[in-house]
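# Quick one, fold the following:
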Amino acid sequence: MTGDIRVCFIGDSFVQGIGDPEYRGWVGRVLAATHGDITAFNLGIRRNTSEDVLRRCWQEVQPRILPDADNRLVVSFGSNDTIEENGSVRVDPARCLDNLDSILEESRRRRIAPLVVGPPPVVDAGEDHLRRTSKIADEMAALCRSRLVPFIGTTPALANDPVWTREAMAGDGAHPGSGGYRRLADLILANQWHEWISHPHP
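Just a heads-up that it's a prediction; the model follows:
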């Protein structure tokens with residue numbers, strides 16, 4: 001692992017860690033299990049869609065990176081995009097993918113190494129929401145493959161995880177407690193995280 005690694009985590013309330021009584025979420029737990037000199041910034045905002053994340057991404061990321069550092073960006077959104085409000089989803093799936101593609105392209109241009117974490121399920125949003133979220137997650141994965149960007153899927157594993165679902169339903173119906181975020185962190189740590197963070201970005 002190289003010297004100064006700077007990682008910005010940008011996304012929604014799951015990135016922010018809403019619901020965790022320990023205030024660590026999955027980001028804090030992943031960082032705690034990662035060795036090396038890492039400067040991390042949690043830029044998660046509750047209810048953010050991909051439109052919101054794209055709108056604020058670079059004005060928030062740019063001041064937190066350095067020209068001589070190994071700059072990284074972890075992106076995670078989609079669960080809010082697929083929520084239905086007033087008879088339609090908050091963000092059209094094609095637009096969600098375009099937003100992700102725009103962030104990945106700009107990351108390439110700025111020489112910032114990206115990693116994408118797929119959208120977790122919102123337990124109390126129902127089966128239709130889970131179907132839409134699973135579909136957009138698959139499409140995100142395909143986009144990331146085409147750009148040679150690591151993608152870590154979370155939707156099906158967490159939808160079938162008893163800890164995640166039990167804690168979410170005991171809370172606000174969407175966000176788990178410490179156990180659920182630990183499960184999400186374990187998924188990320190077991191799937192490409194260590195390889196990605198250990199590979200120096202030129």
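# Could you list the low-pLDDT ranges of this protein?
1-2, 201-202 (pLDDT under 70).
# Can you tell me which residue is spatially central in it?
With distances taken as CA atoms, centre = their mean, the residue of the chain nearest its centroid is residue 76 (2.2 Å).
# so that residue sits right up against residue 16, yeah?
No: judged on CB atoms under 8 Å, residue 76 makes no contact with residue 16 at a distance of 10.3 Å. Every residue, glycine included, has its C-beta placed from N, CA and C.
# next SSE after the one helix or strand residue 109 maps to?
Secondary structure from DSSP states H and E places residue 109 in helix 93-110. Using DSSP H and E, the helix or strand that directly follows helix 93-110 along the chain is strand 113-117.
# what lines up beside that next one in the sheet?
With DSSP bridges as the test, strand 113-117 is paired with strand 70-76 (parallel), strand 151-152 (parallel).
# and among the ones you listed, the most buried is which?
Each of the strands paired with strand 113-117 was assessed for mean neighbour count using mean count of other CB atoms under 10 Å. The highest is strand 70-76, with a mean of 25.
# Output the longest helix along the chain as CSV, nothing but the C-alphas.
Using DSSP state H, we find that the single longest helix of the chain is helix 127-146. Written as CSV, here are the backbone C-alpha positions of helix 127-146 (Å, rounded to 0.1, in the frame of the first residue of the first chain):
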residue,chain,number,x,y,z
GLU,A,127,-41.3,-6.5,-3.4
ASP,A,128,-41.7,-4.1,-6.3
HIS,A,129,-39.0,-1.8,-4.9
LEU,A,130,-36.7,-4.8,-4.3
ARG,A,131,-37.3,-5.9,-7.9
ARG,A,132,-36.4,-2.5,-9.2
THR,A,133,-33.4,-2.1,-6.9
SER,A,134,-32.1,-5.6,-7.9
LYS,A,135,-32.5,-4.7,-11.6
ILE,A,136,-30.7,-1.3,-11.3
ALA,A,137,-27.9,-3.0,-9.3
ASP,A,138,-27.4,-5.6,-12.1
GLU,A,139,-27.2,-2.8,-14.7
MET,A,140,-24.8,-0.9,-12.5
ALA,A,141,-22.6,-4.0,-12.3
ALA,A,142,-22.6,-4.3,-16.1
LEU,A,143,-21.7,-0.7,-16.5
CYS,A,144,-18.8,-1.0,-14.1
ARG,A,145,-17.6,-4.1,-15.9
SER,A,146,-17.5,-2.2,-19.1
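# So what's the gap between it and the chain middle?
The chain centre lies 13 Å from the centre of helix 127-146; the measure is CA atoms, centre = their mean, to the nearest Å.
# who's in contact with it?
78-79, 81-84, 89, 93, 96-97, 100-101, 104, 116, 118-119, 121-122, 150-151, 153-156, 159 (CB atoms under 8 Å, 6 or more residues apart in numbering).
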